[in-house]
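Asks: please work out how this folds:
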Amino acid sequence: MLPGEIAWLDVVVPAADVLWDDDVGRAMWWFGDVWAEALAALGSSAVEVHRGPLVARPWSRTVCFDGIGAGEVLVDGAKAVGISQRRTRRWMRLQAAVHRRWRPDLLVTLLAEPRPAVSELSPVAELAATDDDLRTAVGAALAAR
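Replies: Okay, the predicted model is just below:
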């Protein structure tokens, strides 16, 4: 929410690429696998890529990190990597976000009423990795694809 607290990574995949999938859910699985490999390489354990349907929670329409979507990554049951997708007929952009610091107390003060109590939000995993660490680990996992 403040500079340096969230790391973002966008990947653009052309429709003709082997990584393209017409199914919008499955299209994000491989990207979640890349992140899972990177997080494991950085020392995270109990890393899981969500391959089921959208898990909507009471506040996930307001706070996207409260829900769990296709390809998103959990560490010890807490969401660690959020992934969104934008696509046209010619390309898709997968955008991933990881929190270095999760501050739901600040977040809820920025929301209009009705707003959740901090205790109503799902846990979010914080990653201590630097930008260089993330670039190296995600880059290695991407290169292996």
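Asks: show me what contacts the spatially closest residue to A97 that is not a sequence neighbour?
Replies: In this structure, A97 finds its nearest non-sequential neighbour in G82, 4.8 Å apart by C-beta to C-beta, 6 or more residues apart in numbering. The C-beta positions use only the backbone N, C-alpha and C, and glycine is treated the same way. Shown in contact with G82 (C-beta atoms under 8 Å, 6 or more residues apart in numbering): C64, F65, G69, E72, A96, A97, V98.
Asks: just those residues: which are in strands?
Replies: A96, A97, V98 (DSSP state E).
Asks: are any of those buried, and if so which?
Replies: A96, V98 (16 or more other C-beta atoms under 10 Å).
Asks: about what we covered before: could you export the contacts of G82 to TSV, including columns for pLDDT and distance to S44?
Replies: Compiled in TSV, these are given as follows (pLDDT from 0 to 100; distance: C-beta to C-beta, whole Å):
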residue	pLDDT	distance to S44
C64	91	21
F65	94	17
G69	97	19
E72	98	14
A96	97	15
A97	96	16
V98	96	11
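Asks: and the two most separated of these?
Replies: Based on C-beta to C-beta, the longest span within those runs between G69 and V98 and measures 14.6 Å.
Asks: and the residue nearest to the spatial centre of the chain, backbone torsions?
Replies: In the chain, the centroid-proximal residue (C-alpha atoms, centre = their mean) is G82; its distance is 1.8 Å. When read as degrees, to the nearest 10, the backbone of G82 gives phi -100, psi 140.
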